[in-house]
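Asks: No sequence on hand, only this structure:
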């Protein structure tokens, strides 16, 4: 479709991609429009996936229509959510994996990569369509319900949250949390490790720490119904009816392979696979001052989570506006110590922040106000989707 509007493309419609999109839409002059490119049919509320993979009833609410993305923007009808996947990124255009408004290539003036990382299921879904993802979570719930023993591999946030949820929902099951280090969630101050271990002891979650698991090619997705043997590198083994791998993340940068670079490692940091960026979140590669990366995909030095990502979204929006107006992109991100809101069962949760520079003690707020559905109805409202009947949560 022919248009005189200049395109600003945001690739990736998760938390930070949508925040960037909305921030830009509120600032842009009438000469520009936002195209948010996202293959999923719905916004994936990833924070709820570990809980909703265990607890039935709410899984369909974890997938929220994108219809409210531009609800608060002036001249909202000029912006679009493009249902597609970027198969290639060129210096001045993106190539899609399907037609959108009769074209497969879309030119851009500025582009923001917000594609994040892929976790092992159920941390992320393998399907783009809501009905298939809902069906997957329902099937996962049944596997866990039928199991007598469950082992979770990985002592990060997903592993800890699933272990404590499982033991609270199914106290009769044997729940084991396996982690390669002796400290759980080692990115954080050791006091978080102490809190988690105390909670696991209170619930009866068994901890196996200090040795890495040998993960087989099938990643423990054994459909035979027989108990699964988990082998550790220290020579010990354990058995469980279901094994949940909750380790590792893969940066979603496949489509960048078509983009020419100034030097061999100027685009991607080979040490971690993330996009090299300046403090302004522009690509570090000098060929691309009009390209930005935000959130988990950016090698920014910031903690990879939604809250710092929201701050990064504002920086990107302000810097792009400055460049449109003929000014330099000068706003830098503010890197804060890692912090997290972590559930430790259906109601118990805490907010934990590592010490500020010069301090020695973390900031901790214990709470007992959690809800089984994690307040998911409110998330729909904050995503700009007004729901008038329960049936609309299935749309």
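Replies: Everything's here; your move. As the structure is a computational prediction, the values presented were derived from the model and not from experiment.
Asks: pLDDT score for residue 215?
Replies: Looking at residue 215, its pLDDT reads 89.
Asks: make that residue 308, sorry
Replies: On the pLDDT scale, residue 308 is placed at 89.
Asks: is it true that it lies in a helix?
Replies: Yes: secondary structure assignment (DSSP: H, G, I helix; E, B strand; the rest coil) places residue 308 inside a helix.
Asks: In contact with it, which residues are there?
Replies: 302, 333, 335, 336 (Cβ atoms under 8 Å, 6 or more residues apart in numbering). From N, CA and C alone the C-beta is placed, and that goes for glycine too.
Asks: repeat that for 7 Å
Replies: Residue 308 makes contact with 302, 336 under the criterion Cβ atoms under 7 Å, 6 or more residues apart in numbering.
Asks: roughly how far apart are it and residue 85?
Replies: Distance check for residue 308 against residue 85: by Cβ to Cβ, to the nearest Å, it reads 26 Å.
Asks: Also residue 165?
Replies: Between residue 165 and residue 85 the distance is 32 Å, computed by Cβ to Cβ.
Asks: Among the two, which residue is more densely surrounded?
Replies: Each of residue 165 and residue 85 had its neighbours counted (other Cβ atoms under 10 Å), and the higher figure belongs to residue 165 (24 against 17).
Asks: OK, contacts around the nearest residue to that one once chain neighbours are set aside?
Replies: Of all residues not flanking residue 165 in the chain, residue 54 sits nearest, at 5.3 Å (Cβ to Cβ, 6 or more residues apart in numbering). Residues counted as contacts of residue 54 (Cβ under 7 Å, 6+ apart) are 141, 144, 162, 165, 166, 169.
Asks: any low-confidence regions in this protein?
Replies: Flagging of the chain using pLDDT under 70 yields the residue ranges 1-2, 223.
Asks: and if we set it to 90?
Replies: Residues of the chain that meet the criterion pLDDT under 90 lie in 1-4, 72, 74-75, 215-226, 248-249, 263-265, 304-308.
Asks: Tell me where it has helices.
Replies: Ranges of helices in the chain, per DSSP state H, are 15-25, 49-52, 130-146, 157-169, 190-203, 306-324, 376-382.
Asks: Output those as a markdown table; include the columns distance to residue 236.
Replies: Compiled in a markdown table, those are given as follows (distance: least, Cβ to Cβ, whole Å):
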| stretch | distance to residue 236 |
| --- | --- |
| helix 15-25 | 38 |
| helix 49-52 | 26 |
| helix 130-146 | 24 |
| helix 157-169 | 19 |
| helix 190-203 | 19 |
| helix 306-324 | 37 |
| helix 376-382 | 39 |
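Asks: so which of those gets nearest residue 63?
Replies: When these are ranked by proximity to residue 63, the top entry is helix 130-146, at 4.3 Å, counting by Cβ to Cβ.
Asks: So which other helices or strands are in contact with the closest one?
Replies: In terms of contacts (3 or more Cβ pairs under 7 Å, 6 or more residues apart in numbering; DSSP states H and E), helix 130-146 is packed against strand 63-64.
Asks: now the strand it packs on: how far from the chain's centre is it?
Replies: For strand 63-64, the distance from its own C-alpha centre to the chain's C-alpha centre is 14 Å (Cα atoms, centre = their mean, to the nearest Å).
Asks: now do stretch 299-318
Replies: A distance of 13 Å separates the centroid of the chain from that of stretch 299-318, by Cα atoms, centre = their mean.
Asks: what does stretch 14-30 give?
Replies: When C-alpha coordinates are averaged (Cα atoms, centre = their mean), stretch 14-30 and its chain have centres 18 Å apart.
Asks: Quick check: buried residues in that stretch?
Replies: Within stretch 14-30, the residues that count as buried by 16 or more other Cβ atoms under 10 Å are 14-25, 27-28.
Asks: Repeat that for stretch 198-215.
Replies: 199, 200, 203, 205, 206, 207, 208, 211, 213, 215.
Asks: do stretch 115-123 as well
Replies: Buried, per 16+ other Cβ under 10 Å, within stretch 115-123: 115, 116, 117, 119, 120, 121, 122, 123.
Asks: Which ones among those map onto strands?
Replies: Judged by DSSP state E, the subset of the buried residues of stretch 115-123 located in strands is 117, 119.
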